[in-house]
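Peer 1: just a sequence and a predicted model for now, questions to come.
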Amino acid sequence: GAGVSQSPRYKVAKRGQDVALRCDPISGHVSLFWYQQALGQGPEFLTYFQNEAQLDKSGLPSDRFFAERPEGSVSTLKIQRTQQEDSAVYLCASSFGTRGRQYFGPGTRLTVL
Amino acid sequence: KNEVEQSPQNLTAQEGEFITINCSYSVGISALHWLQQHPGGGIVSLFMLSSGKKKHGRLIATINIQEKHSSLHITASHPRDSAVYICAVIPPMDSNYQLIWGAGTKLIIKP
């Protein structure tokens, strides 16, 4: 497709479950970013990939959060043992370069009960 | 003081009005994003600019690098323009690449 896609769009998990969120960036985009957006707040940086290399994971809130992009295209954000405070919209963005225009996906709304 | 400040925080206007949203920043930048987010929706990049002015349809974005200020204008506003508009700056090449986000301006256009 022409834009960034994310799946699922909505995810409800019971506390303690593991979840996996997928991001399909725009073809050819080297850079991929993950953000977390809590209700009523702005996006918070989680992690950054350049191709398959995870160059920055400083924003991941705990070791329960893990992201990968093994072939330099699709990325997966995994959250283990979900907690209620993990409830948020998870946004993925891609760009040609680190400082290029970022194109955002529709987000995955995660609700942890 | 936040590095990126937007004003106003909230704006309500009537359909057809000319809208201006302002963004001031206190850091060096390589470029500035204007983004739009509808309630419950994803983020759409409207403009990325590093100088001058850009126009797309009824939207116009300007930036004054010397004054560290950017504006987003909407002409002939319409209820479908109701959204949160966010300004985000990209630091220069010799520093952290992460976007620095403004707090957003919530715009409501009444029919």
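Peer 2: Okay, I see it.
Peer 1: when you work out contacts or count neighbours from here on, use the C-alpha atoms and nothing else.
Peer 2: Fine.
Peer 1: in chain B, which residue sits nearest chain A?
Peer 2: Using Cα to the nearest Cα, the single residue of chain B nearest to chain A is B:Gly42, 4.1 Å away.
Peer 1: can you give me the neighbour number for that residue?
Peer 2: 18 (other Cα atoms under 10 Å in any protein chain shown).
Peer 1: excluding sequence neighbours, find me the nearest residue to the residue of chain A found nearest chain B.
Peer 2: When scored by Cα to the nearest Cα, chain A has A:Pro106 as its residue closest to chain B, at 4.1 Å. Spatial nearest neighbour of A:Pro106, excluding adjacent residues (Cα to Cα, 6 or more residues apart in numbering or on different chains): B:Gly42 at 4.1 Å.
Peer 1: hmm, that neighbour is touching A:Gly107, no?
Peer 2: Yes. With contact defined as Cα atoms under 8 Å, B:Gly42 counts as touching A:Gly107 (5.7 Å).
Peer 1: now for the two: what residues contact both?
Peer 2: A:Leu91 (Cα atoms under 8 Å, 6 or more residues apart in numbering or on different chains).
Peer 1: picking that back up, pLDDT wise, what is the residue of chain B closest to chain A at?
Peer 2: pLDDT recorded at B:Gly42 is 84.
Peer 1: enumerate every residue touching the closest residue to A:Thr108 other than its chain neighbours.
Peer 2: Closest residue to A:Thr108 apart from its sequence neighbours, by Cα to Cα, 6+ apart: A:Arg9 at 4.4 Å. Each residue near A:Arg9 by Cα under 8 Å, 6+ apart is listed here: A:106-109.
Peer 1: so which of those residues is the most crowded?
Peer 2: A:Gly107 leads the contacts of A:Arg9 on contacts (other Cα under 10 Å) with 30 neighbours.
Peer 1: so what's the residue sitting nearest the centre point of chain A bridging to?
Peer 2: With distances taken as Cα atoms, centre = their mean, the residue of chain A nearest its centroid is A:Trp34 (3.6 Å). A:Trp34 forms beta bridges with A:Thr47, A:Cys92, as assigned by DSSP bridges.
Peer 1: for chain A, what are the nearby residues on chain B?
Peer 2: Within reach of chain A by Cα under 8 Å from any Cα of the partner chain, chain B has these residues: B:30, B:33, B:41-45, B:48, B:90, B:97-98, B:101-104.
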